[in-house]
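Peer 1: sequence and predicted structure, then a few things I'm wondering about:
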Amino acid sequence: MDLSDQEEVKRIVSECRKGNKKFQSLLYKELYSKMMSVCYRYSRRSEDAKDIFQEGFIKVFEKIGNYNFNGSLEGWIRRIMVNHAIDHYRRNKNKYAFSETLQEAENISDDIIDLEEVSFKNISAKELLVFVQELSPVYQRIFNMFVLDGYSHAEIAKELNISEGTSKSNLSKAKRNLKLKIREKLG
């Protein structure tokens, strides 16, 4: 399956709109690892990521009639997954209270550790993803939305029902926590 070939994409979308299980399965399998990666970034537990992924793909097939071929199909599906992950977070907001990591991080003085010494050269993308998943749920979502998904602080504030200042502050704290985790790893 070649999602860069517009004619093939049109055929896939057309068949998925008709409810053709074969094409739905092909699309699902083709994008499984990429979209699961998106879902993992927005969840702390693998079970939650899998739920977000499954529910997100159900939405994809329900809304595939709305795809208008502006931009890539993969990008359109990715946006649905991100939005669904954010909705999942909102529905379960009370379940995601600030963790001890957050409280500990706020008590760490930047004077004690020179965070600018931290080098990202020796950290793989996979290792960085693990560190991001260790952040508190709030920091993790804001970091993902801003750094990885390109949301502005205004958009994050609107999506998560917080102020822009809170978004900026939490992003700063998330970055600080990541630097600390990386520094610990590098010893």
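Peer 2: Received, thanks. Nothing here was measured: the structure is a model prediction, and the numbers come from that model. Numbering: from 1, shown residues only.
Peer 1: what packs against the longest helix anywhere in the chain?
Peer 2: Longest helix in the chain by number of residues (criterion: DSSP state H): helix 164-186. Helices and strands touching helix 164-186, as assessed by 3 or more C-beta pairs under 8 Å, 6 or more residues apart in numbering; DSSP states H and E, comprise helix 100-107, helix 125-133, helix 137-143, helix 153-160. For every residue, glycine as well, the C-beta is placed using N, CA and C.
Peer 1: how about stretch 9-25: buried residues?
Peer 2: Using 16 or more other C-beta atoms under 10 Å as the test for burial, stretch 9-25 gives 9, 12-13, 15-16, 23-24.
Peer 1: and the helices and strands packed on helix 164-186, which one is worst for confidence?
Peer 2: Lowest mean pLDDT within those: helix 100-107, at a mean of 37.
Peer 1: can you list the domain ranges for the protein.
Peer 2: 6-93, 97-186 (automatic domain parsing).
Peer 1: mean pLDDT lowest for which of these?
Peer 2: Among the domains of the chain, domain 97-186 scores lowest, at a mean of 70.
Peer 1: what about S136, distance to E7?
Peer 2: Distance of S136 to E7, computed by C-beta to C-beta, to the nearest Å: 46 Å.
Peer 1: the two: which has the busier surroundings?
Peer 2: Between S136 and E7, counting by other C-beta atoms under 10 Å, S136 is the more crowded of the two (22 against 8).
Peer 1: what's the more buried one sitting at in phi/psi?
Peer 2: phi -60, psi 150 (degrees, to the nearest 10).
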